[in-house]
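**Q** sharing a model prediction with you, sequence too.
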Amino acid sequence: MIQRAPRAAPIFINFMLAIHTRVDPAEALGLDHWNSPGGHEVRAWLVQNDLATPDLSRATLKGRTWIKMVCSTPLPVPHWGPPGP
């Protein structure tokens, strides 16, 4: 069953980027973070939703597509306008 990440919380994005870009994502994130209860939950979610391989050695095609989407999202730009509707 596919479950949604809580609005792509930063921990999900950090783990996915580490899995995609690093040979050893656990070392890149720090073992305390990787092995934390939250880390276990994120890793399980990434595998369950086919974003990372079961051994967490790399991102799947779906995971790489998600990373591409996250990285292509433009940063918000403040725009001043007259107040009101």
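**A** Arrived safely.

**Q** burial measure for residue 73, as a count.
**A** By other C-beta atoms under 10 Å, the residues close to residue 73 number 8. (Each C-beta comes from the backbone N, C-alpha and C, glycine too.)

**Q** now it: how far from residue 51?
**A** From residue 73 over to residue 51 the distance is 17 Å, taken as C-beta to C-beta, to the nearest Å.

**Q** next: residue 57.
**A** With the distance defined as C-beta to C-beta, residue 57 ends up 13 Å from residue 51.

**Q** more neighbours: those two, which one.
**A** Regarding residue 57 and residue 51, a neighbour count based on other C-beta under 10 Å identifies residue 51 as having more, with 23 against 11.

**Q** give me every residue that touches that one.
**A** Contacts of residue 51 were listed using C-beta atoms under 8 Å, 6 or more residues apart in numbering, and they are 16, 59, 60, 62, 63, 66.

**Q** tell me the centre residue of this structure?
**A** A centroid search over the chain (C-alpha atoms, centre = their mean) returns residue 13, at 2.2 Å, as the residue closest to the centre.

**Q** wait, residue 16 touches residue 45, no?
**A** No. Counting by C-beta atoms under 8 Å, residue 16 stays clear of residue 45, with 10.1 Å between them.

**Q** between the two, which one's more packed in?
**A** residue 16 (23 against 18).

**Q** I'd assumed residue 80 was in a helix, is it?
**A** No. Under the criterion used here (DSSP: H, G, I helix; E, B strand; the rest coil), residue 80 is coil, not part of a helix.

**Q** with that, I have no additional questions.
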